[in-house]
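J.: Dropping a prediction and its sequence here:
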Amino acid sequence: MSADYQVHGDVAVITLNNPPVNGMGLETRRALVAGIAQAQADAAVKAVVITGHGKAFSGGADVREFGSPKAFQEPNLLSVISCVENCNKPVVAAMHTVVMGGGLELALGCHYRVCAPGTSISMPEVKLGLIPGAGGTQRLPRALGVEPAMNMIVSGEAIKSDMLSMLPGQKLFDQMAMSPQSLMDEAIAYAREVADVRPLPKLRDLPCKHPMGDAYFQFSRNMVKGMAKNYPAPPKAVDAVEMATKKKFDDGMMYEREQFINLMWTPESRALRHLFGAQRAASKIADVPSDTPVRDIKLVAVIGAGTMGGGIAMNFLNAGIAVKMLETKQEALDRGVATIQKNYEDRVKKGKLKEEKAAQRMALLSTTLSYDDIKDADLVIEAVFEDMGVKEAVFKQLDAVMKPGAILASNTSTLDLNKIAHFTKRPQDVVGLHFFSPANVMKLLEVVRGKDTAKDVLATAMDVAKKIKKIAVLSGVCDGFIGNRMIDQYGRQAGFLLDEGCTPAQVDRAIEKFGWAMGPFRMSDLAGNDIGWSIRKRQYAENPTRRYSKTADLLCEQGRFGQKTGAGWYDYKPGKRDAIPNKDVEAMIAKHRESLGIKPRKISDEEIVQRLNFALVNEAAHILEEGIASKASDIDMVYISGYGFPIFRGGPMNYADELGLFNVVQAMQRFATNPHDDAEFWKPAPLLAKLAAEGKTFN
């Protein structure tokens, strides 16, 4: 059973018990309905209290059932709520900690609600490309008023019960408990108090109107259209709430259900639900059990106080973990500390951080010029120049001074972690922690597993990632790991497109229209074109036959390194990030094209989008096959959280699945016939070819 039934004198208590958040899965729904039936059949029971076990009342639908027949199997959530609402004895919801989505809809179907202070209340369905589907759009406006309910449903954000209880005329809570600890005693006492009240109050019977009616809903539509252009759910939520004000309750319910079912099948909702599951799956490593003991991380040392080192340090300071930053020169340390200080001051100025919080974080930061001063750190992260010789010197020094059991991490983005680990006598303690720039903002953290990395080191890395609010994805060792290895192929295609007739602005425009946060040339200008240049130089030496467009090298030879020099593929005005096309760059591309004897052709946006995205997909298929990534959904998480791939498309692998892998392979075969492209690269990876032939998908 996924719900417990107990009788306290004349009150039956049904406790949802489906860890971790009491999701409304089929077993829980059945147990709840059985509990209501048992209470109705027992003459000694005068009232019922529904609550949730542990750290949630209910987090709503059970995500493990998404996409399976169980999600809609009777009793579905609508039937459960109807059963509660039509119970002939009063049903009181004892709400606490977390009340989300279907859990909130269940509470709204009860006759009364008693709530603990500090409870998080939300209707997060829009974040999964849906609207509430069990009466949320119809009952919540009746309980809170149209505007507060609309804001909650359209934003999906959680609001504390204390704030909601202060809304004038709210009917969401009949009573606020004194404390979370006293909630159950107060809910049972309240149930006794209302045991004989008839008729039983139902939110569905309350009136629902907005004084400005049509004008308010038109305003809401305009607001939502601007904010949610690629997401169909928020406008549908506005329509459903409007129906609550214009139609009879049952007709409003039918409208809501119809929209909910339609949205369930949209590619956007499928993408968002896929990412919801992918994020949870990313933190699980197949051969590292969830109960693997983790090492205690109380003090972190960061080697390097540059942009990356400072950003990495801030993650730990924000999480309340002490950091010691090491540099070779005092002025470099001073610069690094000043940058961190300024970042915090800017947040204080914008009202995003309280002054005393900023001061507390800065107080956790100390600096040193000596390796001896960091010997007691539990975790040390190196963020020095991306050169094997420099890394070797650092890791030999760390091996000499760090205490036994300290974790030695490298922030390398492309270099061989196994080689780095073997600069030490403790390769089992070495792991890659590849942060993305700016490290204090970007969510992605690639955790790189060397061939000797110990399981408890991996478990600790995943645990630390959670503490510093990062999305950690496990990668094996190869050149560029998951993200940069794939982006290399994407960048190569972007270069070939220039050779064949595109301008940087045309390529960027096409891919941004598709939904990417930034096109390849704007992205390169932001990261620094010299970074890619130094990687290419190393790759030319290691693999001289590999084909690249030479335009990016020609650009770097002119010192056009991007935003930091005010000139890259585009021009930039001081202090501004607007990319201004440059005629000389376009002339340089045309001259290079001429030197290759290529006649420029008109290239469609569709071809640009497909070549860039399918380059990612094909390389990712190789990465999966080699075991560098353990699952396709991990690759989607890397691209969504680290590279600006459009969220509503669910990542490159989910996008390929939605298009159909057969169609992806067909397009690749066309690209292979292009004499100016790399035909060898466009051979489908064996895994991709196999899945396409069998009509299967990556995810």
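T.: Done, it's in.
J.: For the protein, name the helix or strand with the lowest mean pLDDT.
T.: None of the helices or strands of the chain scores lower by mean pLDDT, DSSP states H and E than helix 529-542, at a mean of 87.
J.: For the helix or strand that that one is followed by, C-alpha coordinates in PDB please.
T.: Using DSSP states H and E, the helix or strand that follows helix 529-542 towards the C-terminus is helix 551-557. Once non-C-alpha atoms are left out, helix 551-557 reads as follows in PDB (Å, rounded to 0.1, in the frame of the first residue of the first chain):
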ATOM      1  CA  THR A 551      38.900  31.200 -41.700                       C
ATOM      2  CA  ALA A 552      39.000  31.000 -37.900                       C
ATOM      3  CA  ASP A 553      42.800  30.800 -38.000                       C
ATOM      4  CA  LEU A 554      43.000  33.800 -40.400                       C
ATOM      5  CA  LEU A 555      40.700  35.800 -38.000                       C
ATOM      6  CA  CYS A 556      43.000  35.000 -35.100                       C
ATOM      7  CA  GLU A 557      46.100  36.000 -37.100                       C
END
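J.: Which residues does helix 551-557 contact?
T.: 491, 495, 498-499, 524, 529-530, 532-533, 536, 568-569, 585, 588-589, 592 (CB atoms under 8 Å, 6 or more residues apart in numbering). To be clear about C-beta, it is placed using only N, CA and C from the backbone, and glycine gets the same treatment.
J.: can you tell me which residues contact D378?
T.: Residues near D378 by CB under 8 Å, 6+ apart: R295, D296, I297, K298, L299, V300, G405, A406, I407.
J.: let's go with 6 Å and repeat that
T.: Counting by CB atoms under 6 Å, 6 or more residues apart in numbering, D378 makes contact with I297, K298, L299.
J.: any idea how far the first one is from A459?
T.: Counting by CB to CB, to the nearest Å, the gap between I297 and A459 amounts to 12 Å.
J.: can I see the domain layout of this structure?
T.: Each domain of the chain is listed here as a residue range: 3-264, 299-475, 483-693, per automatic domain parsing.
J.: Rounded mean pLDDT for the first one, please.
T.: The one in question is domain 3-264. This predicted structure assigns domain 3-264 an average pLDDT of 96.
J.: what secondary structure does the closest residue to T673 other than its chain neighbours sit in?
T.: Excluding the flanking residues, the one nearest T673 by CB to CB, 6 or more residues apart in numbering is A679, at 7.4 Å. Three states are possible here, and by DSSP: H, G, I helix; E, B strand; the rest coil the one that applies to A679 is coil.
J.: on that earlier part again, tell me the helices and strands packed up against the least confident helix or strand of the chain.
T.: helix 551-557 (3 or more CB pairs under 6 Å, 6 or more residues apart in numbering; DSSP states H and E).
J.: For the helix it packs on, buried residues please.
T.: Burial within helix 551-557, assessed by neighbour count using 16 or more other CB atoms under 10 Å, is assigned to T551, A552, D553, L555, C556.
J.: CSV please, covering the residues you listed and showing distance to K564 and pLDDT.
T.: Written out in CSV, the entries for the buried residues of helix 551-557 read as follows (distance: CB to CB, whole Å; pLDDT from 0 to 100):
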residue, distance to K564, pLDDT
T551, 20, 96
A552, 16, 96
D553, 18, 95
L555, 14, 97
C556, 13, 96
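J.: List just the nearest of those to M308.
T.: Distance to M308, by CB to CB, is smallest for C556 among the buried residues of helix 551-557, at 20.6 Å.
J.: Show me where the stretch 251-400 of the chain has its helices.
T.: Counting by DSSP state H, counting those that start in this stretch, the stretch 251-400 of the chain has helices at residues 267-282, 307-318, 330-349, 355-363, 388-401.
J.: ugh, wrong one, the stretch 101-250 of the chain
T.: Under DSSP H, counting those that start in this stretch, the stretch 101-250 of the chain gives helices at 101-109, 136-144, 146-155, 161-164, 183-193, 214-227, 233-246, 249-264.
J.: out of those helices, nearest to L172?
T.: Nearest of those (CB to CB): helix 136-144, 4.3 Å.
J.: Residues in contact with that closest one: which ones?
T.: Taking contacts as CB under 6 Å, 6+ apart, the residues outside helix 136-144 that touch it are 105, 108, 123, 149, 170-172, 203, 206, 208, 240-241, 244, 252-253, 256.
J.: Can you tell me which of these lies closest to G651?
T.: M123 (25.4 Å).
J.: give the contact list for the closest one.
T.: The neighbours of M123, taking CB under 6 Å, 6+ apart as the test, are P132, G136, M152, I153.
J.: how about the last one, what does it touch?
T.: With CB under 6 Å, 6+ apart as the criterion, the residues that contact I153 are M123, A237.
J.: returning to that earlier point: okay, the helices of the stretch 251-400 of the chain in CSV with distance to H422, mean pLDDT and mean neighbour count next?
T.: As requested, the helices of the stretch 251-400 of the chain are arranged in CSV below (distance: least, CB to CB, whole Å; pLDDT from 0 to 100; neighbours: other CB atoms under 10 Å):
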stretch, distance to H422, mean pLDDT, mean neighbour count
helix 267-282, 28, 93, 20
helix 307-318, 24, 96, 23
helix 330-349, 28, 96, 15
helix 355-363, 36, 96, 13
helix 388-401, 9, 96, 16
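J.: Identify whichever of those lies nearest to R560.
T.: The closest of those to R560 is helix 307-318. By CB to CB, the value is 19.8 Å.
J.: Next, the angle helix 355-363 makes with that closest one.
T.: Between the direction of helix 307-318 and that of helix 355-363, the angle (axes from the mean of the first three to the mean of the last three CA atoms, to 10 degrees) works out to 120 degrees.
J.: now what about helix 307-318, what contacts it?
T.: Contacts of helix 307-318 with the rest of the structure, by CB under 6 Å, 6+ apart, involve 300, 302, 323, 325, 336, 339-340, 361, 364-365, 381, 383, 435, 438-440, 468.
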